[in-house]
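*Asks:* Predicted model follows, preceded by the sequence.
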Amino acid sequence: MSQGSYDDTIKFRAGALKEAAGELDAIHLGGINISELARAGLTDMLRRSMTDEDKITLYERYKAGEISEEATRLLLGEEFDLLQEDIEEFAAAAEDDTSQYLV
């Protein structure tokens, strides 16, 4: 895992992306919110890049207090709540009395 600091602005060579965004901002009535588009795009790409194993590891790190709920929710989206529901249902099922099923 990379240990880079994300406290600073994320930087990359925008090139044609910057030019395209500037042109769209210039021609779109009222302009566009480039920062919001960048946040939404980065969020979407981060989610797409995650494997199921990444999601499980991320959730485990959240439960261990190593990552904030906000960051976990950002990366997992609606899957965050689904994971919590699945864990609660599994825990409840584990507590059920299954002795009636023993032969």
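*Replies:* The structure has been received and is ready for your questions.

*Asks:* State the distance from the most centrally placed residue in the chain to R48.
*Replies:* For the chain, L75 is the residue whose C-alpha lies nearest the centre (C-alpha atoms, centre = their mean; 0.6 Å). From L75 over to R48 the distance is 11 Å, taken as C-beta to C-beta, to the nearest Å. (Glycine included, C-beta is placed from N, CA and C.)

*Asks:* What are the buried residues along the helix or strand containing R47?
*Replies:* Taking DSSP states H and E as the criterion, R47 maps to helix 34-49. Buried residues in helix 34-49, counted by 16 or more other C-beta atoms under 10 Å: none are found.

*Asks:* cool, stretch 82-102 as well?
*Replies:* Under 16+ other C-beta under 10 Å, the buried positions of stretch 82-102 are L83.

*Asks:* For that stretch, the averaged confidence score.
*Replies:* Computed over stretch 82-102, the mean pLDDT rounds to 79.

*Asks:* Can I get it as PDB, trimmed to CA atoms?
*Replies:* Presented in PDB, the C-alpha positions along stretch 82-102 are these (Å, rounded to 0.1, in the frame of the first residue of the first chain):
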ATOM      1  CA  LEU A  82     -25.400  -3.400   3.000                       C
ATOM      2  CA  LEU A  83     -22.300  -4.700   4.600                       C
ATOM      3  CA  GLN A  84     -23.500  -3.600   8.100                       C
ATOM      4  CA  GLU A  85     -26.900  -5.200   7.500                       C
ATOM      5  CA  ASP A  86     -25.300  -8.500   6.400                       C
ATOM      6  CA  ILE A  87     -23.000  -8.500   9.500                       C
ATOM      7  CA  GLU A  88     -25.900  -7.800  11.800                       C
ATOM      8  CA  GLU A  89     -28.000 -10.600  10.200                       C
ATOM      9  CA  PHE A  90     -25.100 -13.100  10.400                       C
ATOM     10  CA  ALA A  91     -24.500 -12.200  14.100                       C
ATOM     11  CA  ALA A  92     -28.200 -12.700  14.800                       C
ATOM     12  CA  ALA A  93     -28.300 -16.000  13.000                       C
ATOM     13  CA  ALA A  94     -25.200 -17.200  14.900                       C
ATOM     14  CA  GLU A  95     -27.100 -16.600  18.200                       C
ATOM     15  CA  ASP A  96     -30.200 -18.600  17.100                       C
ATOM     16  CA  ASP A  97     -30.800 -21.800  18.900                       C
ATOM     17  CA  THR A  98     -30.300 -24.500  16.300                       C
ATOM     18  CA  SER A  99     -30.500 -27.500  18.700                       C
ATOM     19  CA  GLN A 100     -33.800 -28.500  17.200                       C
ATOM     20  CA  TYR A 101     -32.100 -29.300  14.000                       C
ATOM     21  CA  LEU A 102     -29.700 -31.800  15.600                       C
END
